[in-house]
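**Student:** Got a sequence here, can you model it:
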Amino acid sequence: MRRLNPKTGKFFKLGDSRDEDNLLFRQYVKKKNGKSTIDKDGFYAEAWRSPEDIKLHRDKNSIRDKKRKERKITKQRKVNPNTKKEWIYGEQDSRGMYFVGYRNYGDTEGYPVMKFMSPDGFLRAKVNHAIRNFKRRCKEKNIPYDEDCLNADYLISIMPKDMVCPALGVEMRFGSSDGNFEYQSPSLDKIIPCKGYVRGNVVWISYKANMIKHDASAKEVMKVAKWLEEIS
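**Tutor:** Take a look at the predicted model:
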């Protein structure tokens with residue numbers, strides 16, 4: 001879990017200062033030498049640098065980004081070697097990294113630069129996207145929720161480690177931009193709908209299982225299942 005900046009109440013960002021010294025925040029360090037850096041309080045380690053080091057880092061990044069953007073796109077998009085088709089959002093490469101789109105400049109060979117995210121980063125991005133949708137829907141429909149529940153750290157902590165839907169037993173995968181894997185996508189379900197999105201009342205199941213359950217009670221779902229068996 002990332003420690004919050006006590007001054008802003010939000011996650012630290014590059015260049016944030018701290019009161020006890022003249023150092024500035026560089027980044028959260030989730031792993032070091034392949035091992036997790038989480039301390040006894042459950043927080044990731046943090047990298048702090050001098051203002052001079054931060055300025056040097058920013059200057060180098062600025063020069064690098066400028067050179068990159070000067071590279072023109074002269075070739076078509078690369079294809080996924082496994083599918084022999086253009087990459088689809090959410091597909092993984094041989095490293096396990098998730099494809100998430102293209103940049104507007106070319107690589108050294110002229111192909112559009114592809115953007116990939118680590119499994120942890122991809123998961124957090126999808127969960128944060130879901131949280132924004134949940135909060136908007138809750139406000140529109142007056143559904144109870146609390147910030148303690150709808151935060152990425154908590155929702156990631158209750159995600160099934162094997163990514164298997166506890167209701168249907170199928171592998172869950174986040175949906176892609178073209179609709180693939182939609183029914184297998186993880187979906188946050190309210191166990192007791194009227195309680196809303198609060199801790200202890202939410203669970204990740206597949207989108208298909210959520211559609212089957214929707215706002216029905218266990219008895220209602222069983223009745224539908226029995227009826228379906230009879231007419232099939």
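
**Student:** Which parts of the protein are helices?
**Tutor:** Assigned by DSSP state H, the helices in the chain fall at 51-69, 119-141, 152-157, 207-213, 218-231.

**Student:** So which of those helices is nearest residue 6?
**Tutor:** Closest to residue 6 of the helices of the chain is helix 152-157 (C-beta to C-beta; 17.0 Å). No exception for glycine: its C-beta is placed from N, CA and C like everyone else's.

**Student:** Check the average confidence over that closest one, would you?
**Tutor:** Average pLDDT, helix 152-157: 93.

**Student:** Please export the C-alpha coordinates of it as PDB.
**Tutor:** Presented in PDB, the C-alpha positions along helix 152-157 are these (Å, rounded to 0.1, in the frame of the first residue of the first chain):
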ATOM      1  CA  ALA A 152      -7.800   0.600  -5.000                       C
ATOM      2  CA  ASP A 153      -5.700  -0.900  -2.200                       C
ATOM      3  CA  TYR A 154      -8.700  -2.400  -0.500                       C
ATOM      4  CA  LEU A 155     -10.400  -3.700  -3.700                       C
ATOM      5  CA  ILE A 156      -7.100  -5.200  -4.900                       C
ATOM      6  CA  SER A 157      -6.700  -6.900  -1.500                       C
END
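
**Student:** What is it packed up against?
**Tutor:** helix 119-141 (3 or more C-beta pairs under 8 Å, 6 or more residues apart in numbering; DSSP states H and E).

**Student:** Once you drop chain neighbours, what's closest to residue 156?
**Tutor:** Distances taken as C-beta to C-beta, 6 or more residues apart in numbering put residue 127 closest to residue 156, at 5.8 Å, once the chain neighbours are dropped.

**Student:** meant to ask about residue 68
**Tutor:** Spatial nearest neighbour of residue 68, excluding adjacent residues (C-beta to C-beta, 6+ apart): residue 105 at 5.6 Å.

**Student:** residues touching residue 23, list them.
**Tutor:** 17, 48-50 (C-beta atoms under 8 Å, 6 or more residues apart in numbering).

**Student:** now with 10 Å?
**Tutor:** 16-17, 46-51, 53-54 (C-beta atoms under 10 Å, 6 or more residues apart in numbering).

**Student:** and which of these is nearest residue 221?
**Tutor:** For those, the nearest to residue 221 is residue 46 (46.6 Å; C-beta to C-beta).

**Student:** Kind regards, and thank you for your time.
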